[in-house]
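Novice: Whatever this is, show me its structure:
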Amino acid sequence: MESTITEVQYALDTFYFLVCAVLVMWMAAGFTMLESGLVRSRNTVEILTKNVALYSIACLMYMIIGYNLMYGDGANMYIPGISLFLGGDNTLEEVLASDGDIYYSNLSDFMFQVVFVATAMSIVSGAVAERMKLWAFLAFAVVLTGVIYPIQGYWSWGGGFLSEIGYSDYAGSGIVHMAGAAAALAGVLLLGPRKGKYGADGKINAIPGSNLPLATLGMFILWMGWFGFNGGSELMVSNVASANNVAMVFVNTNLAAAGGLVAALLLGRFMFGKADLTMALNGALAGLVSITAEPLAPAPLLSAVIGAIGGLIVVFSIVGLDRLKIDDPVGAISVHGVVGVWGILAVLLSNGDATLVGQLAGIAAIFVFVFVSSLIVWAILKAVVGIRVGEEEEFSGLDMGECGMEAYPEFVSTRAD
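Specialist: Okay, here's the model as predicted:
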């Protein structure tokens, strides 16, 4: 009887884990649609190519080396040790002997983790859009997903020093989102802004996206996928306590996104005199990033407030980075980086076990490591192959220059945009 119950629990948790992995994988479509809608039509095919390619590269690199770095036996609390264990099927005897430590298949854990690393890399894609060489970007994806992300992930989720000092990050406001934004910021600083974005007189020129319906669809796909992102991080659903926890995580995730969107929409109306859709879209995503570090402990009302604060922060951050001439076409650095920091600190509002020292240590360690290591990789790529397309190619569009085709050939010639 005991073995039958255990088998059912194991099967249920494994299935739940895999369904959540599929939801997070669907976020790749969300990032793709969001970015495609927020870039100009002449750069659409290139952004689509980047996103399908980076997802595939992330899967392969995390299988070959990343997962083993992040969850292998560490050389110490700072340096992960490479193991040759990807994860296979657990036997019933192993599950019964685990005394409750094994809830799901090892392979389902890999599947859930690999879509997280792809999410981190997707953040970089939008920030460097419309002027980065495709192959330089994909080369960086190999390093980030195979080495940089797993090392800092090991520090927190793999048993490294951040977990030892009490850094708390339930589903990855820092480990996934801030890390991706730090890598993006390093690339953007070396890359420089798009031509025409900033005038010689200091004027900031808006460069509208080509397809706001597509961007809105992307936001809703990300909102949906985030239920798997946060909900799956509960790791199991086969008992009353964990099932209740999953329900609370879903409710808080949803309310934080709603709070972020409404707050950003209202602030945009106050600052610009109009209802700014792009700010509203980023406000929803900011709310989601805000709650990701702790979606279980807050009450629903507090979750909405946390998300709303994230929505306010992202508007100020997007405007502030523009004034600093840091050109981010989709607002990824603000949404995932600046708001990611807020999400990590917001843990202190509801999780009594978290400490300010632990959270600040996590912010510093993750940001500094990912930013510096990414800056080195970007600099090497810039010196060896170059990371920015030529002026003529940037003007005519990366679609023809990098991919040899147009996204909307029957409706508009992107070369004449």
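Novice: what's the weakest-modelled helix or strand in the chain?
Specialist: Using mean pLDDT, DSSP states H and E, the weakest-scoring helix or strand in the chain turns out to be helix 92-97, at a mean of 58.
Novice: And the next helix or strand past it?
Specialist: On the C-terminal side of helix 92-97, the nearest following helix or strand under DSSP states H and E is helix 106-127.
Novice: Run the chain-centre distance for that following helix.
Specialist: Averaging C-alpha positions (C-alpha atoms, centre = their mean, to the nearest Å) puts helix 106-127 8 Å from its chain's average.
Novice: Report the rounded mean pLDDT for that helix.
Specialist: Mean pLDDT, computed over helix 106-127, is 94.
Novice: Which positions in that helix come out as buried?
Specialist: Of the residues in helix 106-127, 106-127 count as buried by neighbour count, 16 or more other C-beta atoms under 10 Å. Placement of C-beta: from N, CA and C, glycine included.
Novice: ok, for Leu345, nearest residue in space, not its chain neighbours?
Specialist: Spatial nearest neighbour of Leu345, excluding adjacent residues (C-beta to C-beta, 6 or more residues apart in numbering): Gln359 at 5.8 Å.
Novice: That neighbour belongs to a helix?
Specialist: Yes - the assignment for Gln359 is a helix, going by DSSP: H, G, I helix; E, B strand; the rest coil.
Novice: That one: neighbouring residues, count only.
Specialist: Close neighbours of Gln359, defined as other C-beta atoms under 10 Å, add up to 23.
Novice: pretty sure Glu393 is touching Gly401, no?
Specialist: Yes - in this structure, Glu393 is within contact of Gly401 by C-beta atoms under 8 Å, at 3.8 Å.
Novice: excluding its backbone neighbours, what's nearest Val347?
Specialist: Counting by C-beta to C-beta, 6+ apart, Glu294 is the residue found nearest to Val347 once chain neighbours are left out, at 4.2 Å.
Novice: Which helix or which strand is home to that neighbour?
Specialist: Under the assignment given by DSSP H and E, Glu294 is not contained in any helix or strand.
Novice: That one contacts Leu345, doesn't it?
Specialist: No - taking contacts as C-beta under 8 Å, Glu294 lies outside contact range of Leu345: 10.2 Å.
Novice: More neighbours: these two, which one.
Specialist: Using other C-beta under 10 Å as the criterion, Glu294 and Leu345 rank with Glu294 on top: 27 against 18.
Novice: ok, now how distant is Asn351 from Glu391?
Specialist: Separation of Asn351 from Glu391 (C-beta to C-beta, to the nearest Å) stands at 50 Å.
Novice: Neighbour count for these two, which is higher?
Specialist: A direct count of neighbours by other C-beta under 10 Å for Asn351 and Glu391 places Asn351 higher, at 17 against 10.
Novice: quick check, the more buried one in a strand?
Specialist: No - read with three-state DSSP, Asn351 is coil and lies in no strand.
Novice: Quick check: closest non-adjacent residue to it.
Specialist: Using C-beta to C-beta, 6+ apart, the nearest residue to Asn351 is Ala297, at 4.7 Å.
Novice: same question, Leu38
Specialist: In space, Leu38 is closest to Gly209, 3.8 Å off (C-beta to C-beta, 6+ apart).
Novice: ok, back up a step: just list the residues touching the residue nearest to Val347, thanks.
Specialist: Residues counted as contacts of Glu294 (C-beta atoms under 8 Å, 6 or more residues apart in numbering) are 168, 170, 343, 346-347, 350-351, 354.
Novice: Next one: Gln152 from Val143, what distance?
Specialist: Between Gln152 and Val143 the computed distance is 13 Å (C-beta to C-beta).
Novice: Among the two, which residue is more densely surrounded?
Specialist: Per other C-beta under 10 Å, whichever of Gln152 and Val143 has more neighbours is Gln152, with 28 against 19.
Novice: quick one: that one and Asn205, what's the gap?
Specialist: Applying C-beta to C-beta to Gln152 and Asn205 gives a distance of 36 Å.
Novice: contacts for stretch 252-268?
Specialist: For stretch 252-268, the surrounding residues in contact (C-beta under 8 Å, 6+ apart) are 223, 226-227, 230-231, 274-276, 279-288, 290-291, 295-296, 298, 300-301, 303-312, 314-315.
Novice: how does it look with 7 Å?
Specialist: For stretch 252-268, contacts defined as C-beta atoms under 7 Å, 6 or more residues apart in numbering pick out 223, 226-227, 230, 275-276, 279-280, 282-284, 286-288, 290-291, 295, 298, 300, 303-308, 310-312, 314-315.
Novice: same thing with stretch 319-334?
Specialist: Taking C-beta under 7 Å, 6+ apart as the rule, stretch 319-334 contacts 34-35, 38-39, 123, 126-127, 129-130, 181, 184-185, 188, 193-194, 197-198, 204, 282, 314, 317-318.
Novice: Can you select the buried ones from those in ChimeraX?
Specialist: In ChimeraX syntax, the buried subset of the contacts of stretch 319-334 is picked out as below (16+ other C-beta under 10 Å):
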select :34,35,38,39,123,126,127,129,130,181,184,185,188,193,194,197,198,282,314,317,318
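Novice: Restricted to helices, list the contacts of stretch 319-334.
Specialist: Among the contacts of stretch 319-334, DSSP state H puts 34-35, 38, 123, 126-127, 181, 184-185, 188, 282, 314, 317-318 in helices.
Novice: Output those in a markdown table; the columns should cover distance to Asn76.
Specialist: Below are the ones in helices among the contacts of stretch 319-334 laid out as a markdown table (distance: C-beta to C-beta, whole Å):
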| residue | distance to Asn76 |
| --- | --- |
| Leu34 | 39 |
| Glu35 | 39 |
| Leu38 | 43 |
| Ile123 | 29 |
| Gly126 | 36 |
| Ala127 | 33 |
| Ala181 | 28 |
| Ala184 | 29 |
| Leu185 | 29 |
| Val188 | 33 |
| Asn282 | 39 |
| Val314 | 37 |
| Ser317 | 36 |
| Ile318 | 40 |
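Novice: Closest to Leu235 out of those?
Specialist: Closest approach to Leu235 among the ones in helices among the contacts of stretch 319-334 (C-beta to C-beta): Ile123, at 23.7 Å.
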